[in-house]
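Participant: Fold the following and give me the result.
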Amino acid sequence: MFKQLLEQITASLDPATSKARVQPLDIERICAILLVEIARSDNDVSDVERQSIADALSESSALDSAELTELVNEAFVDADNAVSLHEHVRLINDNFKKDDKTALLEHMWRVAFADGNIDGYEEYTIRKLSDLLHMNHRDFMQAKLKVVDER
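Facilitator: Numbering: from 1, shown residues only. Here you go, the predicted structure:
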């Protein structure tokens, strides 16, 4: 058992093998954690925001509604335990094209706007994650305006 755990840790630290081992569910989990960070940034997570996270994940997932709910709940726990988002962002940067990152950015805005108000802390967190995802300010603003126009 310990040997298996040690092998998993060693493999995850090896950059040559870590990218190859990323599974679609891992990407969904990471996206869920980033969306949870947006919802939590104003210290008020509503049911509407939770549903917005599940809706965002359902667009690119084959999971049923119960599995999506479980994924979102696990993302809240994982976000509470996360020391840094840099590892998650690195995996997104390694596996997403610009269009995928733009879609994720739009989902971040949808989560922030789900309760009808974009809080300053939510906007700050999206801006910070946008920078970490190597998105320029224009993409940041276009995603925001697109989501506001949808409302």
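Participant: Could you check how many residues crowd around Val83?
Facilitator: 6 (other Cβ atoms under 10 Å). To be clear about C-beta, it is placed using only N, CA and C from the backbone, and glycine gets the same treatment.
Participant: right, I mislabeled it, should have said Phe113
Facilitator: Neighbours of Phe113 using other Cβ under 10 Å come to 21.
Participant: Need the nearest residue in space to it, chain neighbours excluded.
Facilitator: In this structure, Phe113 finds its nearest non-sequential neighbour in Val147, 5.7 Å apart by Cβ to Cβ, 6 or more residues apart in numbering.
Participant: tell me which element that neighbour falls in.
Facilitator: Val147 is located in helix 137-150, with elements delineated by DSSP states H and E.
Participant: What residues sit buried inside that helix?
Facilitator: Asp139, Phe140, Ala143, Lys144, Val147 (16 or more other Cβ atoms under 10 Å).
Participant: Kindly report the same for stretch 41-54.
Facilitator: Applying a neighbour-count criterion of 16+ other Cβ under 10 Å, one finds Ser41, Asp42, Val45, Glu49, Arg50, Ser52, Ile53, Ala54 buried in stretch 41-54.
Participant: surely the last one meets Val72?
Facilitator: Yes: with contacts defined as Cβ atoms under 8 Å, Ala54 counts as touching Val72 at a distance of 5.3 Å.
Participant: hang on, the earlier thing: might you calculate how far the helix holding Val147 sits from the centre of the chain?
Facilitator: Chain-centre distance of helix 137-150: 17 Å, with Cα atoms, centre = their mean, to the nearest Å.
Participant: and Leu68, how many neighbours?
Facilitator: There are 20 residues near Leu68, going by other Cβ under 10 Å.
Participant: Pull the distance from the host helix or strand of it to the chain's centre.
Facilitator: Element membership of Leu68, judged by DSSP H and E, is helix 65-81. Taking Cα atoms, centre = their mean, one finds helix 65-81 lying 11 Å from the centre of the chain it belongs to.
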